[in-house]
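Engineer: sequence? don't have it. structure:
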Ligand code: PGA
């Protein structure tokens, strides 16, 4: 049985004092959660978030990293920098980065490899645009992105990669994929992994859904056969709301 993994993606929100207040009220709300709980916070919150989640079940992730270890890359942060401060997870290839910051399948693949070299667990985002969906290209898009993201990884790395299926038209729009639709897309991603790495690995990979997840739809989404939790943006900004998503079966 795969464990549910529920990650909040704060994006470019939350000042350090807000992050501290959030964690202090959120931690007791989720201390008995069955799901793995992750908060992916801005770089400037990492230190405070790591300090304030010590002794809790909340894991901390970053939202991006560079694929080189050091060098003349003004404004970038390396995998090693994240690792040494105590970060465990890193989002890679979020659609906002692919669309606004020139992230490509190639840089996504390089970043995943660097994440593993630094013992960080990548949360890799894939998903189709509305245009691609309407043209019937969803499966092609998400399986290709998955294949290219995982290229050259060994079996144990693939097993430790979290994939987040995030249809772009559902992100921040209030439009959620139906649980059946999202589950079907995730099955396709799992089938692609099976083709390359075999059934055992494919059955172990955590594949989340993301795109307007909220406490009112989490239960239905996360109780499907293949959706292993969620990557949650807007609804992760309020501790109470996000705690309800983490404890989706108690709603
Ligand atoms: P949303 O964002 O929950 O606000 O739609 C999800 C994401 O971008 O990871």
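Structural biologist: Sure thing, it's come through. Since this is a predicted model, take the numbers as computed values, not measurements. Residues are numbered from 1 along each chain as shown.

Engineer: List of residues touching the helix or strand of the chain with the lowest mean pLDDT?
Structural biologist: When the helices and strands of the chain are scored by mean pLDDT, DSSP states H and E, helix 130-134 comes last with a mean of 94. Around helix 130-134, the neighbours that count as contacts under Cβ atoms under 8 Å, 6 or more residues apart in numbering are 138, 141, 167-169. (Each C-beta comes from the backbone N, C-alpha and C, glycine too.)

Engineer: Select from those residues the one having the most neighbours.
Structural biologist: Among those, the one with the most neighbours (other Cβ atoms under 10 Å) is residue 167, at 28 neighbours.

Engineer: Tell me the confidence at the residue nearest to that one when sequence neighbours are not counted?
Structural biologist: Spatial nearest neighbour of residue 167, excluding adjacent residues (Cβ to Cβ, 6 or more residues apart in numbering): residue 127 at 4.8 Å. Listed pLDDT for residue 127 reads 98.

Engineer: For the chain, which residues are neighbours of the ligand?
Structural biologist: 9, 166, 171-172, 210-213, 231-235 (Cβ under 6 Å from any ligand atom).

Engineer: can we see that at 5 Å?
Structural biologist: Applying Cβ under 5 Å from any ligand atom, we find that the chain lies next to the ligand at 9, 171-172, 210-212, 231-234.

Engineer: quick one: residue 7 and residue 28, what's the gap?
Structural biologist: Separation of residue 7 from residue 28 (Cβ to Cβ, to the nearest Å): 19 Å.

Engineer: More neighbours: the two, which one.
Structural biologist: For residue 7 versus residue 28, the count of surrounding residues by other Cβ under 10 Å is larger for residue 7: 25 against 11.

Engineer: So what sits opposite the more buried one in the bridge?
Structural biologist: In this entry, residue 7 is beta-bridged to residue 38, residue 231, by DSSP bridges.

Engineer: pretty sure it is touching residue 228, no?
Structural biologist: No: counting by Cβ atoms under 8 Å, residue 7 does not reach residue 228; the two are 11.1 Å apart.
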